[in-house]
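Asker: Got a predicted model here, sequence first, then my questions.
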Amino acid sequence: MIPFWDPFSALAGAAGNLIVQGWIGLMLVIWNAGLWLLRLVLNFMDAFLTPDISEGGPGATVYQVTFWIGATLMLILALVQLGVAALRRDGKPLAKLLIGTAQFAVVWAGLLAYATTVLLAASGLTTAFMESLLNVTRWNSLELFKPFEVKDVTNGVLATILGLMGLLMVLAAIGHFFIMLVRAAAIMILIASAPISAAGLVGDLGQSWFWKTMRWFHAAAFTPPLVVLVMGIGVQMTTGVATGASGLEGSIGTAIPGVLLICASVVSPVALFKL
């Protein structure tokens, strides 16, 4: 008997392989695009890491205005506080006025130096975390993952995971750029307006102004170390995803929480502001 040869089964198999290869190629394009965009954003993050808030920096003129506004507001609130002390015939408002005046003088003399020291400390902590978790000392030297080609990944499920990870990387890149840009702007605004909020230290009316400003400043200053810490955990967990170091199931189980941690590093600064 001559065996029957069915050409359609061979064509169906070839078409199926072509579709699978095309899908894998599409997913890897998304993955590589996400990596490229995230790497591009990371190259800009070094510029936003330590804003120049020194006395002779770009905000020198603004500081002159805000410091004198703060001094004027302090005098007005001091007169109000004296009036309260006279009406109540109580020494507590007067004591608060004296303590607040001393605190305002300390803020006037050492605010910029203190803020610069805090930013340098946060920058050093960020560098330490980057060196220990990411093996780099600057954002533009960070290579999170390597780009992959179709020949590197032959499993369609794993390629799909990489494609989803690529989409999340795009969202993470946009989020990190926005967070660092807003952080730099917030630090400059908070420091520039701190003398005005410090004027409230002399009275009951604005007692919480300055401390809230300083809490927000510290939260903004220590945003990069927290971002690096969470991102470093995510990178460590996702190492070896495409190579299948722990099997396909293990790679899937490691990739999903790892990428979610990388994306969580975008919103992690909210925890600082909550604290």
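Answerer: Received it, and whenever you're ready, just let me know what you need. Numbering: from 1, shown residues only.
Asker: Next SSE downstream of the helix or strand harbouring residue 95?
Answerer: Under DSSP states H and E, the secondary-structure element containing residue 95 is helix 91-129. Toward the C-terminus, helix 91-129 is succeeded by helix 156-198 as the next helix or strand (DSSP H and E).
Asker: Relative to the whole chain's centre, how far out is that following helix?
Answerer: 5 Å (C-alpha atoms, centre = their mean, to the nearest Å).
Asker: where does residue 53 land in three-state SS?
Answerer: When states are read from DSSP: H, G, I helix; E, B strand; the rest coil, the local structure at residue 53 comes out as coil.
Asker: could you say which helix or strand contains the residue nearest to residue 205 when sequence neighbours are not counted?
Answerer: Nearest in space to residue 205, with sequence neighbours left out and distances taken as C-beta to C-beta, 6 or more residues apart in numbering, is residue 77 at 6.5 Å. C-beta here means a position set from N, CA and C on the backbone, and glycine is covered the same way. Take DSSP H and E as the rule and residue 77 turns out to sit in helix 60-88.
Asker: List the buried residues for that helix?
Answerer: The neighbour-count criterion (16 or more other C-beta atoms under 10 Å) identifies 63, 66-67, 70, 73-74, 77-78, 80-81, 84-85 as the buried residues of helix 60-88.
Asker: now do stretch 160-176
Answerer: Of all the residues in stretch 160-176, those buried under the rule 16+ other C-beta under 10 Å are 160-166, 168-170, 172-173, 175-176.
Asker: Make TSV out of those residues and add pLDDT and distance to residue 37.
Answerer: Listed next are these as TSV, based on pLDDT from 0 to 100; distance: C-beta to C-beta, whole Å:
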residue	pLDDT	distance to residue 37
160	78	20
161	77	19
162	77	15
163	80	14
164	82	15
165	80	13
166	82	9
168	84	11
169	81	7
170	85	6
172	84	9
173	84	4
175	86	11
176	83	10
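Asker: Next one: residue 217, what pLDDT does it get?
Answerer: Residue 217 is assigned 91 on the pLDDT scale.
Asker: Please name the residues that touch it.
Answerer: Applying C-beta atoms under 8 Å, 6 or more residues apart in numbering, one finds that residue 217 lies in contact with 115, 118, 187, 190-191, 194.
Asker: Which of the helices or strands spans it?
Answerer: Using DSSP H and E, the secondary-structure element containing residue 217 is helix 207-221.
Asker: and the angle for that helix with helix 156-198?
Answerer: Following axes from the mean of the first three to the mean of the last three C-alpha atoms, to 10 degrees, one obtains 150 degrees for the angle between helix 207-221 and helix 156-198.
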